[in-house]
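**Student:** My questions are about this predicted structure, shown below with the sequence.
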Amino acid sequence: MSPMRTCAPLCCAIMIGLSMLAAACNAQSNEPLFVPYPKTITMDKGELALMGSAKIAAADDKLMTLANIFAGEIHALTGLKLAVVKGAPGAGDIGIEIAPDLKDEAHKVVVSDRVLVQGGNYVGACMGTTTVLQALRGAGEKTAIPRMTVLDKPYPKYTGMMQDVARQYNSIEDLKDCVQLARVYKMKYFHLHLTDDQMFTFPSTKYPKLKGVYTLEQLRELVKFADDRGVTIVPEFEIPGHSSVLAGAYPDVFGDTQGCVINFLTPGALPVLTDLVNEMCDVFKSSPYFHMGSDECNWALFETWPNVVADRKAKNIGTAQQHGWLINEINKVVKKQGRQETRQAAHRLGRLRVARSRQGRHRLRVGRAVLQPQAHHGGRV
């Protein structure tokens with residue numbers, strides 16, 4: 001199978017559309033139409049013809065995967081089959097390298113008598129190749145790219161899109177299309193809503209009654225597919241609300257299955273949730289984040305369970321504090337995995353501080369509600 005899976009139709013169509021828009025724009029300006037628009041662009045006169053004899057040169061072995069993917073994308077867009085080699089680019093070639101003077105996902109593209117793509121890291125290099133894809137014009141032996149220097153970096157730390165696979169089935173091939181869509185628009189994260197009242201799509205080995213939609217092998221393949229393209233998949237385990245499937249599979253642990261919320265205060269609840277979080281983190285190894293949902297809980301049902309009432313009376317606390325306890329317990333599990341917990345707007349916590357999360361350099365905004373990072377511009381699609 002080719003590196004691009006013969007290029008997913010969705011991704012190919014989007015890139016071709018972007019190229020067509022750029023060509024239309026060129027009637028008035030030599031500057032390509034970039035999405036997102038780069039931080040700085042310096043246009044030079046003329047363009048570089050990209051010939052079939054050109055090579056894509058990866059500076060080291062770590063960039064060879066990207067170089068092969070990039071070659072597949074160029075072929076899908078232009079029909080040109082460029083050879084992939086390791087080393088420095090010659091005249092007319094495209095080079096890919098990691099530049100020590102660039103930081104993280106910052107990337108630079110210089111088009112002169114050759115194309116040089118530089119990134120601060122692997123993801124930055126991926127984004128740099130996207131810049132080249134968006135700037136390509138023509139096809140076949142008439143393919144060209146304008147001479148220019150583009151310097152860019154993501155504006156926020158977190159840019160991403162989200163797919164709900166728990167309410168409507170999405171094949172792994174569909175999800176690969178989404179990954180390529182994220183790559184085309186330089187989105188670093190792809191958020192997967194894995195569990196809800198309709199389906200529990202993650203295949204737990206410890207709790208087989210949770211019959212996952214996907215296999216572990218499929219999910220690991222998807223993670224690698226995304227990592228190779230500079231896209232990181234963020235898993236979401238929706239609790240304590242939207243959990244009918246979880247409660248239905250293990251009612252002896254989580255209580256009533258009618259109200260779409262689990263009884264997380266039973267003796268066996270936290271150990272099971274801990275195992276499930278650890279299993280998910282093991283599959284989605286490259287993600288620095290773990291999302292626990294936490295929105296739209298049926299607190300009216302939750303507050304009727306005898307053990308919940310007893311806990312509230314014994315500790316002189318309310319439902320918000322009980323919810324905050326769960327958030328913090330899951331956060332402990334996530335931190336042990338070296339990740340940061342994120343969540344949707346959760347219980348109104350007022351001045352309660354227990355749900356704050358400030359791991360590493362990242363910080364969640366906490367006011368009257370607990371939110372995901374502000375820079376997440378995704379939505380359920």
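**Tutor:** Sure thing, it's come through. None of these values were measured; they are calculated from a predicted model.
**Student:** OK, contacts around residue 283?
**Tutor:** Going by CB atoms under 8 Å, 6 or more residues apart in numbering, residue 283 touches 202, 216, 219-220, 223, 235. Using the backbone N, CA and C atoms, a C-beta is placed for each residue, glycine as well.
**Student:** Show me those residues that map onto helices.
**Tutor:** Of the positions in the contacts of residue 283, 216, 219-220, 223 sit in helices, assigned by DSSP state H.
**Student:** can I get those residues in JSON lines with pLDDT and neighbour count?
**Tutor:** Shown next, in JSON lines, are those (pLDDT from 0 to 100; neighbours: other CB atoms under 10 Å):
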{"residue": "216", "pLDDT": "98", "neighbour count": "15"}
{"residue": "219", "pLDDT": "98", "neighbour count": "23"}
{"residue": "220", "pLDDT": "98", "neighbour count": "15"}
{"residue": "223", "pLDDT": "98", "neighbour count": "21"}
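**Student:** how many neighbours does the residue nearest to residue 212 when sequence neighbours are not counted have?
**Tutor:** The spatial neighbour of residue 212 that comes closest, neighbours along the chain excluded (CB to CB, 6 or more residues apart in numbering), is residue 203 at 3.0 Å. By the measure other CB atoms under 10 Å, the count of residues near residue 203 is 19.
**Student:** same deal with residue 53?
**Tutor:** Using other CB under 10 Å, the number of residues around residue 53 comes to 11.
**Student:** How about residue 79?
**Tutor:** Close neighbours of residue 79, defined as other CB under 10 Å, add up to 12.
**Student:** Just list the residues touching the nearest residue to it once chain neighbours are set aside, thanks.
**Tutor:** Nearest residue to residue 79 in three dimensions, chain neighbours excluded: residue 140, at 5.1 Å (CB to CB, 6+ apart). Residues near residue 140 by CB under 8 Å, 6+ apart: 78-80.
**Student:** Export those as TSV, with columns for distance to residue 230, pLDDT and secondary structure.
**Tutor:** Output for the contacts of residue 140, formatted as TSV (distance: CB to CB, whole Å; pLDDT from 0 to 100; DSSP: H, G, I helix; E, B strand; the rest coil):
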residue	distance to residue 230	pLDDT	secondary structure
78	21	95	helix
79	25	96	coil
80	22	97	coil
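**Student:** Among the residues you listed, which one lies nearest to residue 292?
**Tutor:** Among those, residue 78 lies closest to residue 292 (CB to CB), at 43.9 Å.
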